[in-house]
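Peer 1: I'll drop the sequence and a predicted model, then ask my questions.
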Amino acid sequence: MIDRCGRTIDYLRISVTDRCNLRCIYCMPEDGVKLVDRSLILREEEIIRICRVMAELGITKIKLTGGEPLIHVRMPELTAQIKRLPGIRKVTLTTNGVLLKEQMKDLAEAGLDAVNISLDTLDRECFRKIARRDLLDQSLEGIQEALRYPQVSVKINCVPLGIQGQDICQIAELARKYPVHVRFIEMMPIGCGTEFKGMAETELVALLEKKFGPLSIYQGKPLGNGPSRYYEAEGFVGKLGFISAVSHKFCGECNRIRLTSQGFLKTCLQYTAGRDLREILRNGGSDEDLKKVIRQALNEKPDGHHFMEKAQEDDTEKLCMSQIGG
Ligand code: SAM
Ligand code: SF4
């Protein structure tokens, strides 16, 4: 699919649930999100139908996310079904890792291509402060389990907050010891994220170079679906990446759209622009009806975010990342 700005859209991120077993301070309020009735969340067969229609339109890569996707008990089955759809080349997952230990084997057998595991700190106290839950060990066990399946590529995602106890170099060390790429994700001013400043990429690079020596820009083949810029460090097995969506805007190369757990097709993280696909699914709409509305949404995909330029606009997204599907 080509949007009105000439960008090829081949990547769909699907939030399978807005619920989560953690409460990361920059993502979710302490009491969780206002839960919607489960009947409003897309059912498995509805997700599969949208994936099939999207694949017919040219989507080739699907990311399953949330909330915490592994709360959805049938993730391996969902993965396997999406993987079998003609046209789908890659199915990947983003998770906090807490429930990964028990599900990784089934996910790997289902054909999962890659897993991104979010881990902001290796310090138990700091983890408790950020995630508001004492589940660091479970998350680390999830990472260890994922590493047992070399056919599934593993990346660690860390959002640097610049708070005491969050040792960025310790997280980066994981890419020295293990075959994983570690990516530092810039704080985005969305939902609870608006309350945090995060850390600038330049500051992070300086910290990492002080500890590990000069970083050199990686120029090999792409390592994923997205806009991460990767560096290599002497003696490291994996790469160090940066996803700085706000300060290093990459909207010109945006290849993605998002489906919320309630079936709303979002075309840009910052704006409410998009279309309700659930309504079409549940009112007897045909595949052609779905395709028509998906094309309309793409026709209106914003040219980019304007986080840096403007104050809040009326059409600025008010949902938090766990609801949108980060
Ligand atoms: N629960 C899963 C997880 O944590 O990986 C999947 C959903 S979570 C919303 C996906 C990613 O979004 C996580 O890596 C999380 O750190 C990131 N995230 C959440 N809020 C963010 C924000 N305001 N700015 C940048 N990244 C954010
Ligand atoms: Fe849950 Fe992921 Fe948000 Fe943390 S970042 S609260 S794990 S959805």
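Peer 2: Nice, I can see it. Ligands and ions are numbered 1, 2, ... in the order given.
Peer 1: who does the one helix or strand residue 104 maps to touch, helix- and strand-wise?
Peer 2: Using DSSP states H and E, the element containing residue 104 is helix 100-109. In terms of contacts (3 or more Cβ pairs under 8 Å, 6 or more residues apart in numbering; DSSP states H and E), helix 100-109 is packed against helix 75-83, strand 114-118, helix 136-146. C-betas here are computed from N, CA, C, even on glycine.
Peer 1: Mean neighbour count, the ones you listed: which tops it?
Peer 2: Most buried of the helices and strands packed on helix 100-109, by mean neighbour count (mean count of other Cβ atoms under 10 Å): strand 114-118, with a mean of 23.
Peer 1: Can you give me the end-to-end span of stretch 252-261?
Peer 2: Terminal residues of stretch 252-261 are spaced 26 Å apart (Cα to Cα, to the nearest Å).
Peer 1: Beta-bridge partners for residue 8, please?
Peer 2: For residue 8, the beta-bridge partners are residue 2 (DSSP bridges).
Peer 1: So what's the residue count around it?
Peer 2: The local packing of residue 8 (other Cβ atoms under 10 Å) involves 12 other residues.
Peer 1: I'd like the distance between it and residue 180.
Peer 2: Look at residue 8 and residue 180: by Cβ to Cβ, to the nearest Å, they are 28 Å apart.
Peer 1: circling back: tell me if the helix holding residue 104 is near ligand 1.
Peer 2: No: no part of helix 100-109 sits near ligand 1 under the criterion Cβ under 6 Å from any ligand atom; the closest distance found is 10.4 Å.
Peer 1: How about that helix and ligand 2, touching?
Peer 2: No: for helix 100-109, no contact with ligand 2 is found by Cβ under 6 Å from any ligand atom; the gap never falls below 11.9 Å.
Peer 1: could you pull out the strands for the stretch 51-200 of the chain?
Peer 2: 61-65, 90-95, 114-118, 153-158, 181-185 (DSSP state E, counting those that start in this stretch).
Peer 1: The stretch 201-326 of the chain too?
Peer 2: For the stretch 201-326 of the chain, the strands defined by DSSP E, counting those that start in this stretch cover 215-217, 229-233, 240-243, 256-259, 264-266, 274-276.
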